[in-house]
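Trainee: for reference, the sequence and a predicted model appear below.
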Amino acid sequence: MIRISDRIFSSVFELEQALVEAASKGELVLTATSRLSRRVLHCYRLGRIKRKDLGWKTPTIFGFNRWIKNTFDTLWEHFRPLSRLGALRLWDEVTQRIELPEGLRPGPSLNLRLQEAFDLLSRHGQALVGPSSGHTLADWRREVFKHFLALLEKNQYIPWTEILERVGKAVAERKISLPENIILAGFNELANAEEGFVKVLADKSKVEIWRALKNPDQNMKVRVYATPELECQSICAQVLKSWNSGQKRLGVVFFDQDYFKLLKRSFEELADREERSPNALRYNLTMGTPLSEHPLFQTALLPLRLLDETQPNALLSSLLFSPYVMRPQNGWDPAIKTSLWSSDGANTLKDALFRLKDIGCPIQPLQNLSLYQKKPMKVWLQDLESLWSHLGFPISRCETDTLAKEHLLKILGELRKEVGHLEMGRNEVQAWFKAASQGIEVVEKTPETAGIQILNLVESRGLSFDHLWVVGVHGRALPQPVRDLPFLDSGEIQKVEGGTVEKQWETGQKNLFCLLAAAPHVTFSRAISKDEDFPFLPCPLIPDESSHEGSPYTVDLWKEPSEEMLRIRWLREGLKGVRRRSKKLRETIEESVNFPLPKSLGVTQFEDLLICPFKFFAKNLLDLEPLEEQKVGIEPKERGGVIHKILKEFTQGLAAAVPDWPDDKGKALEFLEKTVDNILGRYLEDPFWQVERLRLLGDAESPGLLKEWLEKERERASEGWGFEVAEESFEELSIGDTGILLNGRVDRVDSHPEKGKALWDYKTSDSPPDREVLEDMVRPQLPAYLLSLKQGHLPRLGEWSGQVKAGYITLKKASEVEIEDLKNVDWEDFLPRWKEWVKKRLEGPLKGLYSADPKPPPSSLQNEGACKHCPFPNLCDFKAQGVREEEGSEDLQEGDS
Ligand code: SF4
């Protein structure tokens, strides 16, 4: 009776506990990966140690494939399991015999594709041979498979599916004893061959398939970063943070090899100079460098590449100066360099070899290697090994070199054994090496029990974590695209794993459910693109999560390095350098600027200084000017000057021209028009000034700015105010004991028999808010005018200690003409306070320090407050200073995690 049941756990942790318990009861546990079996064994051992057990029997926990293979070995069959190179050799033999369809080239890469199709079809219980389906490549493949199966038989090889069958048969015949219960763990799905075998097991024992699955929830999102590098750096820092907070079962799952490289680099940087203490950061890498990319392996094959080089010097140098090659004699290096690189150096390989031989370089076997175009593989290998031995290759310098060397020597032995007799050219030899190395990685030995595991999806099956990060979750990773299966017809493709979009979607969903069950916290992320030409699509199974601004997440290492990221040495050193430099730069600026504050300043310059010392420095001492904008019409400054002139002429000439002022309004108007025309004079040939005249004087349809002003002045005149002086200059006005002397000109002074005097400043644009005069104190015009009047600096007025007002006459447009003094101000109280404030404000500039210190300051780091119309925001560094201050000024702590 077949007894198979499914048991679903809501978390991998529960599954793990249950597996340990089942193992301790003596049940047979077969896991999807060897890593999972080792993890369960490790947990079992830890449990025993915790219970203080002194000894125990190793439980029956095995990786499924390993258990099958070990069991098969106990059967003493006279057939051997088909090795990869053995299979490639047989495929090679078959494809030599059968004519290839157009477009296919014989060789190891074709053989690998045929083996892939063979494995897939046989595991999924599909017919390997059979009637034609009309699909050219599939029909050709059937023919090839027929011969391949015959060769398998002849060579007494058996493929994986047949091993399963033979072990299944032994189980059925009770040649293998099984426990009452068998548990299969960590399998997403079983292919037909494995399923058939499990049914055989289930006929003898009770079989349970245990899985942990969890449904996604609404909050699940994929965090989007700008690039994969940024994503990996950020994720690794998050992992480290969790590690530092005490979590010790952390995992990072990736979908493609490129991500693995980035993660490896990021962790290496984070673990830089890590002490090997018990609490040190320990991580386990489940992947390594593909053997074909390892420099030792590449150096081994350099001699074969050399034979085709028309300019061999570079490759010869790489070989002879490789760290994997021993250089026996002192003084050998310069001789080789001279031989290869002098101006009369060798050009062809033959020439180069001749010269190298001449200086005693043991390169002779390279000549043997090039002797024949075609020869048996074993002769190629012999010549290659002879050259290696002459060069003292390979020298291993680290653990991974030793591993790469072991793989290389193993491949050498297998090639000799399997294809040693095959005759081939050097390109084919390279192709065989490449095919033989495919799938082999040089994996640095890192402890599998380390707290941080960096794994691919398959290796992560059935492992439980406190927190799992899944990186690279884009539309071509989850779900994966359909597989490219050129040797299968459409009917076959429908039935194999990864053949259709539907199947991949289903697999993607299952993978997602497994990942979600792996930890209580699972974080998904992806990059928006690999590079500019390779954007990633969003994962259709999980929505994206971008930053608040809707853009991808970025991590500015230089501005916002997290505590964890400061473990990266290059970043730490770089930041220290930048900060030292900017600190020094700031100090240098503060101490050595050689622009003393001038003793004598104009009021407008003085205003710049009070508003922001740096603005004053840039504009008045460095004489920097903003780039001139293209303007149409009259310059505002020129327009202001002309209006000032008109008003001066008018106010000074009014008493004589209009004796009945303010009663004679008509004559006053006439005089105003006459003054305007006099001053504008030749300007009026310019159409822009004609329009300006209209703006100032108006016509039947529109009011004129100056006419509106005149009306307001008439009202004031009726109250008793009279024009006293206009454009009255003052010089060397001292502002407290600052040592600064101001020069300026009061636009107008009025007088009243009872109310004293009024000082006015004309404004042809907006007047400053009262707050900037009275509270911020950065508008010096009115206080300076008042001081000049009080101290007798206005020549036509002398000293004045009576009542006084001050304000602005705003002449921006006809509808907004205003004559307003600042209300409720006690100038007697204000002026000493202002002088005191100015003294403080000038402390820095008087020492040559012109800091970017805007008043009023911007309320945020945008250009507001005093910075709003300043042309120097890119020079003053004020915004960056703000950011630095927000970051805090503490020095970085080295290596602090
Ligand atoms: S932008 Fe602001 S801080 Fe910079 S110079 Fe101008 S006013 Fe000063």
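Mentor: Arrived safely, thanks for sending. What you see is a predicted model, and the numbers here were worked out from it, not measured in a lab.
Trainee: next up, the contacts around the residue in the stretch 351-500 of the chain positioned nearest to the ligand.
Mentor: Nearest residue of the stretch 351-500 of the chain to the ligand, counting by Cβ to the nearest ligand atom: residue 471, 42.0 Å away. Heads up, the C-betas are built off the backbone N, CA and C, glycines and all. Contact partners of residue 471, counting by Cβ atoms under 8 Å, 6 or more residues apart in numbering, are 231-232, 235, 252-255, 259, 263, 525-526.
Trainee: what residues does the protein have near the ligand?
Mentor: Residues of the chain lying close to the ligand (Cβ under 6 Å from any ligand atom) are 612, 614-615, 852, 854, 866-867, 870, 872-873, 876, 878.
Trainee: and which of the residues you listed is nearest to residue 709?
Mentor: residue 866 (29.6 Å; Cβ to Cβ).
Trainee: right, and the closest one touches residue 778 too?
Mentor: Yes. When contacts are counted by Cβ atoms under 8 Å, residue 866 is listed as touching residue 778 (7.4 Å).
Trainee: who's in contact with residue 492?
Mentor: Residue 492 neighbours (Cβ under 8 Å, 6+ apart): 121, 126, 138, 485, 499.
Trainee: tell me which of those fall in helices.
Mentor: Using DSSP state H, the members of those that fall in helices are 121, 138.
Trainee: what helix or strand is residue 429 on?
Mentor: With elements taken from DSSP states H and E, the one containing residue 429 is helix 426-437.
Trainee: contacting residues around that helix?
Mentor: By Cβ under 8 Å, 6+ apart, the residues outside helix 426-437 that reach it are 84-85, 88, 107-109, 111-112, 290-292, 297, 301, 304-305, 307-308, 369, 373, 377, 380, 407, 411, 414-415, 419, 424.
Trainee: mind checking which of these are buried?
Mentor: Neighbour counting by 16 or more other Cβ atoms under 10 Å classes 84-85, 88, 107-108, 111-112, 291-292, 297, 301, 304-305, 307, 369, 377, 380, 407, 411, 414-415, 419, 424 among the contacts of helix 426-437 as buried.
Trainee: weed out the non-buried ones from the contacts of residue 492.
Mentor: With burial judged by 16+ other Cβ under 10 Å, the buried subset of these is 121, 126, 138, 485, 499.
Trainee: with adjacent residues omitted, what lies nearest to the first one?
Mentor: By the measure of Cβ to Cβ, 6 or more residues apart in numbering, the closest residue to residue 121 outside its immediate chain neighbours is residue 128, 5.7 Å from it.
Trainee: quick one: the residue nearest to residue 132 when sequence neighbours are not counted from the ligand, how far?
Mentor: If the residues on either side of it in the chain are set aside, residue 132 comes closest to residue 139, at 4.7 Å by Cβ to Cβ, 6+ apart. Residue 139 sits 77 Å away from the ligand, going by Cβ to the nearest ligand atom, to the nearest Å.
Trainee: next, count neighbours for residue 139.
Mentor: Per other Cβ atoms under 10 Å, the neighbour tally for residue 139 reads 17.
Trainee: what of the one 3 residues further on?
Mentor: Using other Cβ under 10 Å, the number of residues around residue 142 comes to 19.
Trainee: could you dump stretch 416-433 to CSV, C-alpha only?
Mentor: The C-alpha trace of stretch 416-433 is given here as CSV (Å, rounded to 0.1, in the frame of the first residue of the first chain):
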residue,chain,number,x,y,z
ARG,A,416,43.2,12.1,-19.7
LYS,A,417,41.0,9.2,-18.7
GLU,A,418,37.8,10.1,-20.7
VAL,A,419,39.0,11.8,-23.8
GLY,A,420,42.8,11.2,-23.7
HIS,A,421,42.6,9.2,-27.0
LEU,A,422,40.6,11.8,-28.9
GLU,A,423,42.6,13.8,-31.5
MET,A,424,42.0,17.5,-31.5
GLY,A,425,43.3,21.0,-32.1
ARG,A,426,44.3,23.5,-29.4
ASN,A,427,40.9,25.3,-29.6
GLU,A,428,39.1,22.1,-28.9
VAL,A,429,41.5,21.4,-26.0
GLN,A,430,40.5,24.8,-24.5
ALA,A,431,36.8,24.0,-25.1
TRP,A,432,37.2,20.7,-23.3
PHE,A,433,38.8,22.4,-20.3
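Trainee: how far is it from where the chain is centred?
Mentor: 44 Å (Cα atoms, centre = their mean, to the nearest Å).
Trainee: could I get the buried residue list for that stretch?
Mentor: 416, 418-420, 422, 424, 426, 428-433.
Trainee: what do residue 866 and residue 778 both touch?
Mentor: Joint contacts of residue 866 and residue 778 (Cβ under 8 Å, 6+ apart) are 611, 855-856.
Trainee: out of those residues, which end up buried?
Mentor: 611, 856.
Trainee: now the residue lying closest to residue 143 once chain neighbours are set aside: how far from the ligand?
Mentor: Excluding the flanking residues, the one nearest residue 143 by Cβ to Cβ, 6+ apart is residue 98, at 6.2 Å. Using Cβ to the nearest ligand atom, one gets 80 Å for the distance from residue 98 to the ligand.
Trainee: so residue 98 touches residue 147, yeah?
Mentor: Yes. Look at residue 98 against residue 147 with Cβ under 8 Å: they come within range, at 6.7 Å.
Trainee: between these two, which one's more packed in?
Mentor: residue 147 (17 against 13).
Trainee: which residues in the stretch 201-350 of the chain form strands?
Mentor: 206-212, 222-225, 250-254, 283-285, 289-290 (DSSP state E, counting those that start in this stretch).
Trainee: winner for burial among the ones you listed?
Mentor: Mean neighbour count (mean count of other Cβ atoms under 10 Å) peaks for strand 250-254 among the strands of the stretch 201-350 of the chain, with a mean of 26.
Trainee: which helices and strands sit right next to that strand?
Mentor: Other elements packing on strand 250-254 under the criterion 3 or more Cβ pairs under 8 Å, 6 or more residues apart in numbering; DSSP states H and E are helix 228-244, helix 257-270, strand 452-456, strand 467-470.
Trainee: can you list contacts of that strand?
Mentor: 235-236, 239, 242-243, 260, 263, 451-457, 460, 463, 465-472, 515, 518-519.
Trainee: hmm, back to that, just the closest of the contacts of residue 471 to the ligand, please.
Mentor: residue 231 (36.2 Å).
Trainee: residues in contact with that closest one?
Mentor: 225, 262, 471-472, 525-527.
Trainee: who wins on neighbours among these?
Mentor: residue 471 (30 neighbours).
Trainee: shaky segments in the stretch 451-600 of the chain?
Mentor: 532, 546-552, 554-560, 579-593 (pLDDT under 70).
Trainee: ranges for the strands of it?
Mentor: Counting by DSSP E, counting those that start in this stretch, the strands of the stretch 451-600 of the chain are 452-456, 467-470, 521-527, 544-545, 600-602.
Trainee: repeat that for the stretch 701-850 of the chain.
Mentor: Secondary structure of the stretch 701-850 of the chain, counting by DSSP E, counting those that start in this stretch: strands at 722-734, 741-752, 756-763, 804-810, 818-821.
Trainee: chain center to the shortest one, what's the gap?
Mentor: Meaning strand 818-821. 57 Å.
Trainee: what's the answer for the third one, then?
Mentor: The gap between the average C-alpha position of strand 756-763 and the chain average comes to 60 Å, counting by Cα atoms, centre = their mean.
Trainee: okay, the contacts of residue 492 in a markdown table with distance to residue 19 next?
Mentor: Formatted as a markdown table, the contacts of residue 492 follow (distance: Cβ to Cβ, whole Å):
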| residue | distance to residue 19 |
| --- | --- |
| 121 | 33 |
| 126 | 33 |
| 138 | 42 |
| 485 | 35 |
| 499 | 32 |
